[in-house]
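>>> Please work out how this folds:
(chains A, B and C)
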Amino acid sequence: MGCVQSFRECCDRPKNPNLRMSLPPVCFVWQISMIILFGVFIRYDEEADAHWIEHRHHENISSDIENDFYFRYPSFQDVHVMIFVGFGFLMTFLKRYSFGAVGFNFLIAAFGLQWALLMQGWFQSLDYTDGKIKIGVENLINADFCVAGCLIAYGAVLGKVSPVQLMVLTLFGVTLFAVEEFIIIKLIHARDAGGSMVIHTFGGYYGLSISWMLYRPNLDQSSRLQGSVYQSDVFAMIGTLFLWMFWPSFNSAITDHGDGQHRAAINTYLALASTVLTTVAISSLFQKHGKLDMVHIQNSTLAGGVAVGTAAEFMLMPYGSLIVGFCCGIISTLGYIYVTPFMDKYLKIQDTCGIHNLHAMPGVIGGIVGAITAAGATEAVYGREGLVNTFDFEGAWKDVVPTQQGGYQAAALCVAICFGIGGGIFVGCILRMPIWGDAADDNCFDDEPYWELPDDEETIPPPILEYNNHMVNMNMNKDIAESNFTVEPN
Amino acid sequence: MGCVQSFRECCDRPKNPNLRMSLPPVCFVWQISMIILFGVFIRYDEEADAHWIEHRHHENISSDIENDFYFRYPSFQDVHVMIFVGFGFLMTFLKRYSFGAVGFNFLIAAFGLQWALLMQGWFQSLDYTDGKIKIGVENLINADFCVAGCLIAYGAVLGKVSPVQLMVLTLFGVTLFAVEEFIIIKLIHARDAGGSMVIHTFGGYYGLSISWMLYRPNLDQSSRLQGSVYQSDVFAMIGTLFLWMFWPSFNSAITDHGDGQHRAAINTYLALASTVLTTVAISSLFQKHGKLDMVHIQNSTLAGGVAVGTAAEFMLMPYGSLIVGFCCGIISTLGYIYVTPFMDKYLKIQDTCGIHNLHAMPGVIGGIVGAITAAGATEAVYGREGLVNTFDFEGAWKDVVPTQQGGYQAAALCVAICFGIGGGIFVGCILRMPIWGDAADDNCFDDEPYWELPDDEETIPPPILEYNNHMVNMNMNKDIAESNFTVEPN
Amino acid sequence: MGCVQSFRECCDRPKNPNLRMSLPPVCFVWQISMIILFGVFIRYDEEADAHWIEHRHHENISSDIENDFYFRYPSFQDVHVMIFVGFGFLMTFLKRYSFGAVGFNFLIAAFGLQWALLMQGWFQSLDYTDGKIKIGVENLINADFCVAGCLIAYGAVLGKVSPVQLMVLTLFGVTLFAVEEFIIIKLIHARDAGGSMVIHTFGGYYGLSISWMLYRPNLDQSSRLQGSVYQSDVFAMIGTLFLWMFWPSFNSAITDHGDGQHRAAINTYLALASTVLTTVAISSLFQKHGKLDMVHIQNSTLAGGVAVGTAAEFMLMPYGSLIVGFCCGIISTLGYIYVTPFMDKYLKIQDTCGIHNLHAMPGVIGGIVGAITAAGATEAVYGREGLVNTFDFEGAWKDVVPTQQGGYQAAALCVAICFGIGGGIFVGCILRMPIWGDAADDNCFDDEPYWELPDDEETIPPPILEYNNHMVNMNMNKDIAESNFTVEPN
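Residues are numbered from 1 along each chain as shown, chains lettered A, B, ... in the order given. Okay, here's the model as predicted:
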């Protein structure tokens, strides 16, 4: 702990947010690396390759409609919207950080998905006959999922880091994610279709640890910019709603064809509906005069989708989904009311978007629900073939019984937490170096350091006030105001 | 009429919009009831159950792609967007009621769809062998449809009711809807894929009747908040466009597989395109200086989709769709110009969003168009099998001829209107009780009573005005302004 | 050149933007013409007709899922979102032209798609046995594509033309498009699935030529309205993101079933990701203090999708897509920095949205990339059947070899450029006539001439300032301000 402290101090040098010498080279170097690595490693899989027609005849596939594209592409597009519009606009709630929220989200997602295709490809889709990674629509979905982990982490540090730091956060985040996913899915053989553990738990703790490492004791110097305004809250609702609506697609995007996708969508739909009601209830109950708080509506309503991620493809039963959503709405909203201020004050974790309440905690709940549901699976409920299908009890895993699977799920949850916290501390150390161009404490939550901002004063034609026969423009813009204009009433 | 009047007066007690003692208990009680009822009644249908793989082999279904999920899930997601983003944002046009528009829409839709799954399930999907409701993706779409009826009604009372009233409106609305739908679809055997009658006519008159019952004679005290502002009109266009674009999915979501879905999408696409042109024409023609009115563009452009709802799956022919859209654009826009003010002044119906012009009237037109199209159906146009397929002339209905079917459609329209008006008056009575926490007349169309609002003044860095050597911040925020700050020029 | 100049002068009469006598008749006449022409010519194709069930049995099609609707409808909806929300909101960046951007985009798209169904139908889907055009979902997609060309052209003249001019621009644009497309696809037998040439090159040069013909030397009189404000830039990001996310659907919407759609989606996804990074890099590199410019993020990030349009269905390879995106991000951003100001100053082309950098130039690059990729195609890469399938080497074209096909692609590019420039100059001449109601030079980029605008001042409850015991409302609205209100401090 002492050494962390001293490392912190050694890094606290004056800040210079000019990115001209850092952002362009990073973008170019990384993009060129991507091109080279894609050239060496990445090819189309057999369903996207022009040989598909021969493959189809050879495999006796009756129709083009059985190409995986038609099973997954609509879900992929919904996930894509969640990543770019959902996460991007959810973070626009700050009054003066909408460009950064949407723009940097866009930048790191676009970079991250390329790196994710490579990392996940090496671990999971490598064709050992020719050493190539073969990609299809499922890889695109997985890359979007992988990026989601990093975007969650961005929520914790929103407004306090530079885009270069975000690129570094994403590079390491995707790498850690791919390793963690490989361990959880392939080695431990846990199931996690909607990523409660792999995406949300990992991403949440990764972001919180980084935020702890980057603690800014004087952040209250930016407190004037830390709230929302009316319009920015409405923009954020665009993000919330697209996340909420498309979450059934998120949780069902890579589950088994047929009943797997169907069931995952239903469970998620129900869990989310239930969450909305308890979120509203708790928000109103704990607020003065029973008023609702937009922060809760924007965030806690989504917690049910996170928490049902692992178990969505299991026979959780419709009422089971409602119960999960019910609990998560309560816990997540209480988290915003009590846990976030507590963490800020006592744990030195400044969590801008409250990802602990929206991702980390519901993710852990999701992992536990998944473990319990898996452990309780029976042939009576699933059918013999259904059980094998759902839990993939085939090949090396054909003798696994549901209780064992429950244990695997629990182990997977621990792996996700460890990777999140460990990875976050490691990456946080790197990001503390005073070379990344992050803004000073009194410049946080402000687009000004990183964006050319338009002059806003001219928008609204200003009203004119007659004042002792002098026309005084009440909304006069800065240029005029800063000139030697003086009203002398005497 | 007299008794209605005296009941009105008896209910007119002072208002207290503090919801702390009402909203949370309602949410909790209703959500817990949902969990219990879902536990007792709701299970997955065979296409979402883990037994699907066995069922598939048993039924000799060749591929997972024939799971209903792949026929309907993309349309379902589009409908879902219409319900939450479409309806939600369409109502954000008021200058200071965006939180309520999007937030309460979110709340009642999330509650309503759970209750709709139960109500519609009892009436239409109950499996009598085990007393369970079996749900799949089609039930989710129907639940969204059912909720749409209540959201339409919300449009009439937007800004004048409390969230608790909206929950009650939704509870009864969904119940009435399920009964009405059962009568129309199952007993009368009318066809109404896009719900011109079942959803729009019912929802429209339900909302208008409630608005009539809740008439506020002194609503002009809130007139300063009843208009839009520039930004809120742009937000509302998000709602308009998502409704407009996805309406083909709405009308085709639950039509027959194959040509049914295909044709419904084409007809709706064309009707909507045609409506846009006549809406623009009438808006420009009736406005001073030929200017366009955003209210018309936001609402009347959608009327064609409503009016083609019943007939979309029939052989309406492309030009038929264009004609329907053409007429509805004219009628709906004229409704905004003449009918809404008339209803407000003479009928004591205050219709905030003008749902009479967007849903009720086009819904009735849609019912009539459906009846005519059905009555005129011939084997020459549909083919023998096509006729049976399209109108479901099977089982007990195998001897029905198209002209009879036309009569059924007309009867269905009457049922929808009766349920709407009757149900609305009944629910309106309940909602007049002074226990629901609705806002006072001078507090309508304002988010302030129900939402924690951010301070807006800090958004724009204020210009500085030098004033006799005192720096006066022209946009100073409320806190400072309310302190004892005084400028003394003498 | 001289005659162009004198024609220009002859057209420069005083402007009257009152549309009451022009817009409504145009809308009515054109919509009624559409109804008549649809009545004469347009019918459902066999997959949307009620005879489908008989057709299915006759053709031995095993399942409804093989109806083209299920292959293309999800992509169609994505394209539809791009046309109405994507293009519409992308143009809302101007501070006071959001109504016009979204609203006129809506109007001309709704008109254009009807006319496109007819024009494209006559050229490509006419059934010579009965003289009818048979439409299905693919025709709807093609109509949306055709409209896209005109919306691109709108970008060049945004804020400078009246809605009637836009209707004329669209009428001729769609007509030219259909002819050009017929020549390129049917006569030359070029492939252009994503429309780099057919849509973007044509639309880009069409718009630029019109803008050149409509040159306004005194446009700087409107310069106060030519920029953006904070909120309008966030609105524009909605357009950008929906275009960016759904571009894979755009490029894959009408490609071959199976691997064709699959590959086109992957290539576009990768090209777009790569473009984001180089756009950010160049934007930061060329800006003072390394700040990012929202104009670049909003526009140049999309250039990769344009440039990969032609080659997306070919075996471009994942790294090939990245390279195309890499180059286009650089070129497009540099275009915004250098080319647009140059064109404005020296070529008299005022390109409001910079479509030269987003559509015209990347479209040309896309045509060249397509020609090279086609010319380099080999049986080793595509497989024998794959090569035939991908390039449609069947019927009259069965002896074409890839190098020849490369030549066809290059010829197609020239056709697109010629049609764009030639058509633009011709239509520009028509649009210069002083009868169309366009706004005066000092009224450009303003919604005021064409829209009823709400009063904005009342939005924010004004702060109160105590001033020598007089309460002075600092944000007082215009009505009060214009009355005889005077503060007398002495």
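>>> Just the CA atoms of the host helix or strand of A:Ile141, as PDB, please.
Assigned by DSSP states H and E, A:Ile141 belongs to helix A:137-157. Extracted C-alpha coordinates of helix A:137-157, given in PDB (Å, rounded to 0.1, in the frame of the first residue of the first chain):
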ATOM      1  CA  VAL A 137     -20.500 -13.000 -37.900                       C
ATOM      2  CA  GLU A 138     -20.100 -14.700 -34.500                       C
ATOM      3  CA  ASN A 139     -16.600 -13.300 -34.300                       C
ATOM      4  CA  LEU A 140     -17.900  -9.800 -34.900                       C
ATOM      5  CA  ILE A 141     -20.400 -10.300 -32.100                       C
ATOM      6  CA  ASN A 142     -17.600 -11.500 -29.800                       C
ATOM      7  CA  ALA A 143     -15.400  -8.600 -30.700                       C
ATOM      8  CA  ASP A 144     -18.200  -6.200 -29.800                       C
ATOM      9  CA  PHE A 145     -18.700  -8.100 -26.500                       C
ATOM     10  CA  CYS A 146     -15.000  -7.800 -25.700                       C
ATOM     11  CA  VAL A 147     -15.100  -4.100 -26.400                       C
ATOM     12  CA  ALA A 148     -18.100  -3.700 -24.100                       C
ATOM     13  CA  GLY A 149     -15.900  -4.700 -21.200                       C
ATOM     14  CA  CYS A 150     -13.600  -1.800 -21.900                       C
ATOM     15  CA  LEU A 151     -16.500   0.700 -22.400                       C
ATOM     16  CA  ILE A 152     -17.800  -0.300 -19.000                       C
ATOM     17  CA  ALA A 153     -14.400   0.500 -17.500                       C
ATOM     18  CA  TYR A 154     -14.500   3.800 -19.400                       C
ATOM     19  CA  GLY A 155     -17.600   4.600 -17.400                       C
ATOM     20  CA  ALA A 156     -15.600   4.700 -14.100                       C
ATOM     21  CA  VAL A 157     -13.000   7.100 -15.400                       C
END
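>>> same for it, what does it pack against?
helix A:68-81, helix A:87-90, helix A:98-120, helix A:163-181, helix A:202-213, helix A:355, helix C:259-285 (3 or more CB pairs under 8 Å, 6 or more residues apart in numbering or on different chains; DSSP states H and E). Quick note: C-beta positions are derived from backbone N, CA and C, even for glycine.
>>> and the helix or strand containing A:Trp247 with helix A:259-285, angle?
In the assignment (DSSP H and E), A:Trp247 maps to helix A:230-252. In terms of direction (axes from the mean of the first three to the mean of the last three CA atoms, to 10 degrees), helix A:230-252 departs from helix A:259-285 by 150 degrees.
>>> what comes into contact with the one helix or strand A:Glu54 maps to?
For A:Glu54, the element it lies in under DSSP H and E is helix A:52-59. Helix A:52-59 is contacted from outside by A:46-47, A:49, A:61, A:64, A:67, C:258-259, C:262, C:383, C:385-386, C:389, using CB atoms under 8 Å, 6 or more residues apart in numbering or on different chains.
>>> what distance separates that helix from the middle of the whole chain?
Computed by CA atoms, centre = their mean, to the nearest Å, the chain-centroid distance of helix A:52-59 equals 38 Å.
>>> same check, this time on stretch A:195-215
10 Å.
>>> how long is that stretch from one end to the other?
28 Å (CA to CA, to the nearest Å).
>>> what is the orientation angle of the helix holding A:Trp247 with helix A:68-81?
Going by the same axes, to 10 degrees, helix A:230-252 makes 150 degrees with helix A:68-81.
>>> ok, the spatially most central residue of chain A to A:Val26 distance?
For chain A, A:Ile152 is the residue whose C-alpha lies nearest the centre (CA atoms, centre = their mean; 3.0 Å). Per CB to CB, to the nearest Å, A:Ile152 is found 22 Å from A:Val26.
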